[in-house]
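A.B. asks: any chance you can model this:
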Amino acid sequence: QVELVESGGGLVQAGASLRLSCVKSGLIIKSASVGWFRRAPGAERDLVAAIKWNGEITYYADSVKDRFTISSDNAKKTVYLQMSKLVPDDTAVYYCAEYLNFVPKYSRDPSDYRYWGQGTQVTVSS
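C.D. replies: Sure thing, here's the model as predicted:
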């Protein structure tokens, strides 16, 4: 049974950093991808960043480029989202999800993702 478990969220002040982790239980398929989504209150679930298990980064949202870094560690079956220079607009529940399609390399549509974690809250105060 596949399970994704996020951790690392919290309450921080603007300008701070956080690192989110997404640990997968189950087989790693290197051509599969993991995306980090976030959902702010009253908003849709948006893709923030995506990476293949082979380490190829496939997507960053414009709003997080140069501030967030996605990475993967196959040995630990973990995908990380390093977030720096956090701003209040980054406040959201962050989810990791696994995308199993080979093409396209990533999708921004949440319905294309097969497995989801339970989410971790990130709150950035001004």
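A.B. asks: pretty sure Tyr59 is in a strand, no?
C.D. replies: Yes - counting by DSSP: H, G, I helix; E, B strand; the rest coil, Tyr59 is part of a strand.
A.B. asks: now it. Nearest residue, chain neighbours left out?
C.D. replies: The shortest distance from Tyr59 to any non-neighbouring residue, by CB to CB, 6 or more residues apart in numbering, is to Ala50 (4.1 Å). Backbone N, C-alpha and C define where each C-beta goes, glycine included.
A.B. asks: chain center to the helix or strand that contains the one you found: distance?
C.D. replies: Element membership of Ala50 [criterion: DSSP states H and E] is strand 45-52. Relative to the chain's own centre, strand 45-52 is displaced by 6 Å; criterion: CA atoms, centre = their mean, to the nearest Å.
A.B. asks: again, but for stretch 1-18
C.D. replies: When distances are taken as CA atoms, centre = their mean, stretch 1-18 is centred 9 Å away from the chain's centroid.
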